[in-house]
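**Student:** this one's sequence-less:
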């Protein structure tokens with residue numbers, strides 16, 4: 001069975017990679033779908049986020065049939081067009097749950113045949129978010145356990161320029 005893991009991944013973190021590793025160990029095929037446009041303020045363009053995701057999966061030696069692509073628009077439209085029935089999302093805290101709960105109900109209304117599976121990150125990644133990583137990077141903090149080396153380099157380069 002193939003599943004999709006959608007997100008902005010701006011940038012991809014150790015928490016995302018934790019979810020990817022565990023998902024790849026359960027399902028035959030995993031597509032990581034990088035959202036092109038979002039209401040979130042992003043620092044990296046779509047092409048860079050796709051490239052960083054591919055590099056991160058390679059650097060972490062995550063095994064499985066994994067592909068990385070970009071998409072725009074509603075997740076359910078993307079899933080229907082590409083033959084997916086299940087998507088994966090990570091849940092860290094109550095705020096994640098409330099948002100994901102609302103989105104799941106709306107997705108179910110629009111496409112009842114599509115469903116989400118929600119995974120908790122490992123305990124050491126519970127606090128980790130792309131927003132936290134960007135804040136640490138902005139002030140020159142240690143990113144070694146938060147992101148891969150390619151993501152760390154991209155963040156340092158971005159914040160040197162801006």
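**Tutor:** Yes, it's here. Keep in mind the model is a prediction, meaning the values are calculated, not measured. Numbers count the residues shown, from 1 in each chain.
**Student:** how about residue 108, what does it touch?
**Tutor:** 114-115 (CB atoms under 8 Å, 6 or more residues apart in numbering). (C-beta placed from N, C-alpha, C; glycine too.)
**Student:** Who's the closest spatial neighbour of residue 122, skipping the chain neighbours?
**Tutor:** residue 18 (5.1 Å; CB to CB, 6 or more residues apart in numbering).
**Student:** what's the answer for residue 17, then?
**Tutor:** Computed as CB to CB, 6+ apart, the closest residue to residue 17 that is not its neighbour in sequence is residue 60, at 5.3 Å.
**Student:** related to what we said a few turns ago, does the residue nearest to residue 122 sit in a helix, a strand or a coil?
**Tutor:** helix (DSSP: H, G, I helix; E, B strand; the rest coil).
**Student:** Count the residues that sit near it.
**Tutor:** With neighbours defined by other CB atoms under 10 Å, the count for residue 18 comes to 19.
**Student:** ok, it to residue 145 distance?
**Tutor:** 12 Å (CB to CB, to the nearest Å).
**Student:** moving C-terminal of the lowest-mean-pLDDT helix or strand in the chain, what's the next helix or strand?
**Tutor:** Least confident helix or strand of the chain, by mean pLDDT, DSSP states H and E, is helix 94-110 with a mean of 83. Following helix 94-110 in sequence order, the next helix or strand is strand 115-119 (DSSP states H and E).
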